[in-house]
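> sharing a model prediction with you, sequence too.
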Amino acid sequence: MSLQLDNYILGETDETIKVDSSDQCSDAVQALIQQSKRSLDIFSHKLDLRIYNTRAIYEAALKLATHSRYSQIRIIIKDSTDVAKRGSRLVELNHRLSSRVFIRNPPIEYRDYTEEFVIADELGLLQRKLATRYEGELCFYEPAKARQLRKFFDECWEKSAPDSNLRRLHL
């Protein structure tokens, strides 16, 4: 069952919504990206294609990345094997807009981190305690928790490296 998120506003609506399927996670990510104006941070185990590989998410991410010269999308993927083999729209967007969309691998000390999360404009948040499951919580206004996770993300980002599996080969 998909989520109806039309009445939820990034930076205003503080109601927490439970999600429990790949479709609902995808709806949540799409809604967060569509309302973002500045930044999107994704910490993912494998950038699950059932969640992140929809046309609507690609279009929303493209719009965000080109919204202003300060807009950016940062993605940390622990295991990019699947998206490297099967392809991903967000990886395609990284190739297209490499100065606005960045993808990195975390260092070894972050490999055991079990959560997966998406932070929109440091205000909205989709958080799944176990990346192997689709159960999680979505909130469009959770600045304290978003800042806490953003701090973790920034620390990991500073130590991470570009993902060599996702480089485009120019022939």
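Nice, thanks for sending it over.
> now the longest helix anywhere in the chain: buried residues?
Counting residues, the longest helix found in the chain (DSSP state H) is helix 143-159. Within helix 143-159, the residues scored as buried using 16 or more other C-beta atoms under 10 Å are 143, 146, 149-150, 152-153, 156-157. Quick note: C-beta positions are derived from backbone N, CA and C, even for glycine.
> check which helices and strands the next helix or strand after it sits against.
Following helix 143-159 in sequence order, the next helix or strand is strand 161-162 (DSSP states H and E). The contact analysis (3 or more C-beta pairs under 8 Å, 6 or more residues apart in numbering; DSSP states H and E) places strand 161-162 against strand 101-105.
> pull the distance from the strand or helix carrying residue 61 to the chain's centre.
Using DSSP H and E, residue 61 sits within helix 55-65. The chain centre lies 12 Å from the centre of helix 55-65; the measure is C-alpha atoms, centre = their mean, to the nearest Å.
> so how far is the helix-or-strand element of the chain with minimal mean pLDDT off the chain centroid?
Within the chain, no helix or strand scores below helix 81-86, which has a mean of 89 by mean pLDDT, DSSP states H and E. Between the centre of helix 81-86 and the centre of its host chain there is 17 Å, according to C-alpha atoms, centre = their mean.
> again with stretch 72-88
Per C-alpha atoms, centre = their mean, the centroid offset for stretch 72-88 relative to its chain is 10 Å.
> end-to-end on it?
18 Å (C-alpha to C-alpha, to the nearest Å).
> so what touches it?
Stretch 72-88 has contacts (C-beta atoms under 8 Å, 6 or more residues apart in numbering) with 38-47, 49, 52-53, 61, 64-65, 90-91, 93-94, 100-106, 110-111, 113, 153, 156-157, 160, 163, 165-166.
> try stretch 7-16
Outside stretch 7-16, the residues touching it (C-beta under 8 Å, 6+ apart) are 17, 31-32, 35-36, 120-121, 123-124, 137-142.
> one more time with 10 Å
The contact list for stretch 7-16 (C-beta atoms under 10 Å, 6 or more residues apart in numbering) reads 5, 17, 28, 31-37, 120-125, 127, 137-143.
> can you pull the phi/psi pair for the most centrally placed residue in the chain?
The C-alpha lying nearest the average C-alpha coordinate of the chain belongs to residue 42 (C-alpha atoms, centre = their mean; 2.9 Å). The phi/psi pair for residue 42 (degrees, to the nearest 10) reads phi -120, psi 120.
> ok, what's across the strand from it?
Per DSSP bridges, the residues bridged to residue 42 are residue 75, residue 118.
> so it sits against residue 90, correct?
Yes. Residue 42 is in contact with residue 90 according to C-beta atoms under 10 Å; the separation is 8.1 Å.
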